[in-house]
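Chemist: predicted structure and sequence below. I'll ask about it afterward.
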Amino acid sequence: MSLPKVLSELLHAVPGRADTEPPRNTAAEQASDASFPDIFALWSKYEDVAMHFNELIASLQPLALG
């Protein structure tokens, strides 16, 4: 195989080149496409649930000790 042919094949294999197949949208990329308000709403709901259980544990702890 000649050097120009090898170089041509290597250049076609470089990711991000216009003449190559476009990258597929992976699950990680789809997750990163979530908008900021959606992420904030999810985090806020998580914090509400965590605080509820923290309060529940704090109220049951004295009952268990006493």
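Modeler: Good, I have the coordinates.

Chemist: next SSE downstream of the helix or strand bottoming out on mean pLDDT in the chain?
Modeler: In the chain, no helix or strand scores lower on mean pLDDT, DSSP states H and E than helix 27-32, which sits at a mean of 61. Counting by DSSP states H and E, the element after helix 27-32 in chain order, helix or strand, is helix 36-65.

Chemist: that next one packs against which elements?
Modeler: With contacts defined as 3 or more Cβ pairs under 8 Å, 6 or more residues apart in numbering; DSSP states H and E, helix 36-65 has no helix or strand neighbours. (Each C-beta comes from the backbone N, C-alpha and C, glycine too.)

Chemist: and that helix, average pLDDT?
Modeler: Helix 36-65 carries an average pLDDT of 92.

Chemist: can you list the buried residues in it?
Modeler: Within helix 36-65, no residue counts as buried by 16 or more other Cβ atoms under 10 Å.

Chemist: residues in contact with residue 66?
Modeler: By Cβ atoms under 8 Å, 6 or more residues apart in numbering, residue 66 lies in contact with nothing.

Chemist: can you tell me how far it is from residue 53?
Modeler: 21 Å (Cβ to Cβ, to the nearest Å).

Chemist: cool, and residue 43?
Modeler: 16 Å.
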